[in-house]
Every structure is written in C-alpha cells, then in structure tokens.
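**Student:** sharing a model prediction with you, sequence too.
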Amino acid sequence: MFNFWGSQEQQAQTPPQEGSSHSWYPPSVGGSPNSSQPMTPSSIASNSFNLQRPAERPYSPLSVSPAEAAGIIALLKDGSVDELRKLLSDKDAYNQFLLSLDQVKIQNNIRDELRKETLQLARNNLDKEPQIMELRNQCRIIRTTELAAAQEKLHELERQKEETLEFYSPASFIHRLQDAMNKTEEESEIVHRQLVDREIDLGTFVHKYKKLRTSYHRRALIHLAAKTSTI
C-alpha cells in the first residue's frame, strides 16, 4: 500500500516550462516563464521601448519628448505579437527597427555631417602644414638676425633715455646752475681785474660787469628756488 502511494508520488511530475528560448534582453523585458500575466502587444511594445539594449546603453540618458515617444509606441502597436517578440529576441530585427526611426535617422545624419566636417578640417590643417613650417623658419630667422639688431637698438635707446632723465633731473639741474654761477663769478673777477690793470675803460667795465652780475643773481635765485622745492 505504501509502495503504491510512493509510486504515485514519484510519478507526479511538474508540467514543463514554456519559453525555453533564451532572450538577449533582461528578464524584466522578455518576461518570466512563470508569470501569471499574459503578454499583450501593448505591454511588449511598452517594454521594448522603455528598456535599452545592454550592450549599447549610452553613458547618459537621452530625453525623449512625449510626442516622439507616442510616435514610437504607435509604430510598435501596429506590429503583431510575433513581430514584437522578434524585436525582443533578434538583435538584427531590433537594429533594423531602431535605424528606421526618424529620430535615429536625424541623429545619424548629424553624426555623419559632423564626421565629414571634422575630416575636412583635418585635411585643411594638413594642407596648411607646409605654410606653418615656412612661417616657423621665417620666425627663426627673424629671431636670430633682425631680433638681435632690434634688441641692440633698444638697449641703446634705453641708455639714451637714462642719460636724458639723469641730465634733466632736479639734482643735475641744481648742479649745472651752481657751475654756471661759479663761472659767472670767475668772469666777473676777470673783468674787475682788467679794470684795475687799466686794460679796459670804465664804460666797458660797467657794461660787462653789470651784465655778468645780473646773470649771476638770476641764476642764484633760480638755484635757491630749486633747492627749496626739492627739500
């Protein structure tokens, strides 16, 4: 009796699972075999649109407008259940459907145009390479010849500038005034000695001496004012 019950228990087998074919989508896309909810075209279309292929998932999500999403879902709803299942299991079918979308076509066209523009810019840069090398050679020649002469001239001008600034500095001006005063004083002494030695007459002495003393005192006043302003 126990053997019969045991044989009956051993013969009880669970029914085989369906859908043994492996899908390249995640389980959440392809659906679980033990799921109690049947798959409908709308649910398959929603899953195939919302989830992306694992091998081609972009680094950052792309924003899709509601109108574009509605258009894609409308395309998927027009397909049969077999076609939608094929999108879930067949990579080539998925790629063919993806490339047929207007949004993807626009992005591919933009990519191709950018690629062409980049290649054109690269060709233009390569075409300008001889000109760049020629300009480099000219710059090297200028740096070794004309630049050296220009630097030497610049140093000479800087030296002249320093001399000019030193010549017209307040200290130099006061020093030159003092030298001019001393020279005028010596010339006055010479004129006075000529008068004493009777080398010149009184009229000539008065004319020369007055002119020298006037120049001396004018320079003395300027010298005093300059020294006062620099203190």
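**Tutor:** Arrived safely, thanks for sending. Numbers count the residues shown, from 1 in each chain.
**Student:** burial measure for Thr183, as a count.
**Tutor:** That one is not Thr; residue 183 is Lys. Residues near Lys183, counting by other CB atoms under 10 Å, number 14. Heads up, the C-betas are built off the backbone N, CA and C, glycines and all.
**Student:** show me what the helix or strand harbouring it is packed against.
**Tutor:** Using DSSP states H and E, Lys183 falls within helix 170-196. With contacts taken as 3 or more CB pairs under 8 Å, 6 or more residues apart in numbering; DSSP states H and E, helix 170-196 sits against helix 202-230.
**Student:** show me what counts as buried in the helix it packs on.
**Tutor:** Buried residues in helix 202-230, counted by 16 or more other CB atoms under 10 Å: Phe205, Lys208, Tyr209, Leu212, Ser215, Tyr216, Arg219, Ala220, His223, Ala226.
**Student:** tell me the confidence at the closest residue to the last one other than its chain neighbours?
**Tutor:** So the one you mean is Ala226. Counting by CB to CB, 6 or more residues apart in numbering, Ile174 is the residue found nearest to Ala226 once chain neighbours are left out, at 5.1 Å. Ile174 carries a pLDDT value of 89.
**Student:** I'd say Ile174 and Ala225 touch.
**Tutor:** No - Ile174 lies out of contact with Ala225 (CB atoms under 8 Å); the separation is 10.1 Å.
**Student:** give the contact list for the residue nearest to Leu212 when sequence neighbours are not counted.
**Tutor:** In space, and not counting its chain neighbours, Leu212 is closest to Ser188: 4.6 Å by CB to CB, 6+ apart. Going by CB atoms under 8 Å, 6 or more residues apart in numbering, Ser188 touches Tyr209, Leu212, Arg213, Tyr216.
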